[in-house]
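Chemist: One predicted model, sequence on top.
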Amino acid sequence: MAEEMTTEFAYDESAVQCDQMDIYIFGKVYIPILYSLVFIIGLVGNLLVIFTIVKGGRRKSITDIFLLNLAISDLLFVISLPFWGYSIVHGWILGSFSCQIVSSFYFIGFFGGMFFITIISIDRYLAIVHATIFMKGRTARHGFLTSLVIWVLAVLCAAPHFAFIEKSDNRCASQYPQNLEDTWPIFCNLEINIVGFLLPMGIISICYFQIIKTLYNCKNHRKKRAVRLILQVVLVFFLFWTPHQVSIFLQTLKLFSVLQSCDVLKLLYYAMHATETLAFSHCCLNPIIYAFAGEKFRKYLCHLVLKSLSFICFCGPCSHYHGRVPSSLTENVPTSNQTQNTSDQDGSVLL
């Protein structure tokens, strides 16, 4: 059943004492199917991003590096989903070590994905709003160092969520010490709400608000397309993650015994099922939003497809893509200097 999952911020042992058979049937039938779809689409999309960047031109931009790490984070996340889907139906058949490994993939992938989306937004802000000041500092070396710091932060933020995970009674779930069983789940929920959503959402919103302001002051024919893409990034992030974060907050209120009605708690569990699948599917959209929206990225992916399968042409007339391979995969962006007809030098994707 759904409570067998390791996501202790979503499900816990102090569940409702009323009849849960309908919740059990719903979770056992639909959740594995939904997780499987997210896994397949997320796996294919993010592997394409990784393959395209790794096989791309020798010169990697700082945005290429961030996109690569975002795809790796999403891969870690989606790889864990088939295990949870199978355990809902059959229980956890692997050992405690595998339980902790899969749990760590899940939470590190979650925090890593959130942090890399945030750092991409900051990078776009520096490239467009403060292009003159920060252009020389936006190097591949700084991208690797920044990515390393983000991975360390992701592991540290994820550690409280899988520190007490182990196999017990055919389940992979948290086994808290007696003195922490009341406070630790609340701490984990609040960390996900604040560090995993509110803080990134605030930074992303501020960065893109400043970017839109700068673009409206630029005399550039690509301004409308740039603003439209930026609004899509923020809107999709907000729509896909906010419902699940609200459900997690309501779950915290349940831990405080604020929500006690059987009917209300049943609705909460249904909401957790629905909103978590919606949130998880965001990692399937990341390749589309952050990578394939770039013209050069699309062209180079088509170049690789045509190179590998010359008898298939997915992208229109093949001759259109047989030109010079771009040295950086991600698309040129308008910067604050384009009011004087200059452009971003690192070839980064517009985000």
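Modeler: On my side now, so go ahead.
Chemist: just for the stretch 201-350 of the chain, where's the confidence low?
Modeler: 219-224, 226, 293-296, 304-305, 307-350 (pLDDT under 70).
Chemist: so where do the helices sit in it?
Modeler: Ranges of helices in the stretch 201-350 of the chain, per DSSP state H, counting those that start in this stretch, are 223-255, 262-280, 282-286, 295-308.
Chemist: Against residue 172, how distant is residue 74?
Modeler: From residue 74 across to residue 172, the span is 21 Å (Cβ to Cβ, to the nearest Å). Heads up, the C-betas are built off the backbone N, CA and C, glycines and all.
Chemist: between the two, who's got more neighbours?
Modeler: residue 74 (29 against 25; other Cβ atoms under 10 Å).
Chemist: Would you enumerate the residues in contact with that one?
Modeler: Counting by Cβ atoms under 8 Å, 6 or more residues apart in numbering, residue 74 makes contact with 42, 46, 109, 113, 283, 286-287.
Chemist: List the buried residues of whatever helix or strand residue 184 lives in.
Modeler: Per DSSP states H and E, residue 184 falls inside helix 183-193. Neighbour-count burial for helix 183-193, counted by 16 or more other Cβ atoms under 10 Å, picks out 184-185, 188-189, 191-193.
Chemist: Residue 139: which of the helices of the stretch 201-350 of the chain is closest?
Modeler: The closest of those to residue 139 is helix 295-308. By Cβ to Cβ, the value is 19.0 Å.
Chemist: Next, count neighbours for residue 52.
Modeler: Using other Cβ under 10 Å, residue 52 has 25 other residues around it.
Chemist: where does it land on pLDDT?
Modeler: Looking at residue 52, its pLDDT stands at 83.
Chemist: Against residue 292, how distant is the nearest residue to it once chain neighbours are set aside?
Modeler: With Cβ to Cβ, 6 or more residues apart in numbering as the criterion, residue 52 has its nearest non-adjacent residue at 4.9 Å, and that residue is residue 301. Separation of residue 301 from residue 292 (Cβ to Cβ) stands at 7 Å.
Chemist: who has more neighbours, those two?
Modeler: Ranked by neighbour count (other Cβ under 10 Å), residue 301 and residue 292 place residue 301 first, with 24 against 17.
Chemist: what residues are up against the more buried one?
Modeler: Going by Cβ under 8 Å, 6+ apart, residue 301 touches 48, 52, 292.
Chemist: Tabulate those residues (a markdown table), appending distance to residue 142.
Modeler: Shown next, in a markdown table, are those (distance: Cβ to Cβ, whole Å):
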| residue | distance to residue 142 |
| --- | --- |
| 48 | 26 |
| 52 | 22 |
| 292 | 25 |
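Chemist: Show me those that map onto strands.
Modeler: Secondary structure from DSSP state E places none of the contacts of residue 301 in strands.
Chemist: Looking at those residues, which is nearest residue 208?
Modeler: Distance to residue 208 across the contacts of residue 301 (Cβ to Cβ) is lowest for residue 292, with 19.1 Å.
Chemist: Do a quick rundown of the helices in the stretch 1-150 of the chain.
Modeler: Assigned by DSSP H, counting those that start in this stretch, the stretch 1-150 of the chain shows helices spanning 21-54, 62-90, 96-129, 131-134, 140-162.
Chemist: Among those helices, which comes closest to residue 245?
Modeler: Across the helices of the stretch 1-150 of the chain, closest to residue 245 is helix 96-129 (Cβ to Cβ), at 11.0 Å.
Chemist: average model confidence for that closest one?
Modeler: Averaging pLDDT along helix 96-129 gives 92.
Chemist: next one: it to chain centre, how far?
Modeler: Averaging C-alpha positions (Cα atoms, centre = their mean, to the nearest Å) puts helix 96-129 6 Å from its chain's average.
Chemist: Would you indicate which residues of that helix are buried?
Modeler: Going by neighbour count (16+ other Cβ under 10 Å), the buried part of helix 96-129 is 99-121, 123-129.
Chemist: thinking again about what came up before, most neighbours among the contacts of residue 74, which one?
Modeler: Going by other Cβ under 10 Å, residue 283 tops those with 28 neighbours.
Chemist: With adjacent residues omitted, what lies nearest to that one?
Modeler: For residue 283, ignoring the flanking residues on the chain, the nearest one in space by Cβ to Cβ, 6+ apart is residue 74 at 3.9 Å.
Chemist: For the contacts of residue 74, which two are the farthest from each other?
Modeler: Maximum pairwise distance in those, criterion Cβ to Cβ, is 14.6 Å, between 109 and 287.
Chemist: what's the spacing between the residue nearest the centre of the chain and residue 128?
Modeler: Closest residue to the average C-alpha location of the chain: residue 113 at 3.8 Å, with Cα atoms, centre = their mean. Here residue 113 is placed at a distance of 23 Å from residue 128 (Cβ to Cβ).
Chemist: And the nearest residue to residue 110 once chain neighbours are set aside, how close does it get to residue 104?
Modeler: Leaving aside its sequence neighbours, residue 110 sits nearest to residue 77 (Cβ to Cβ, 6+ apart; 5.9 Å). Look at residue 77 and residue 104: by Cβ to Cβ, they are 11 Å apart.
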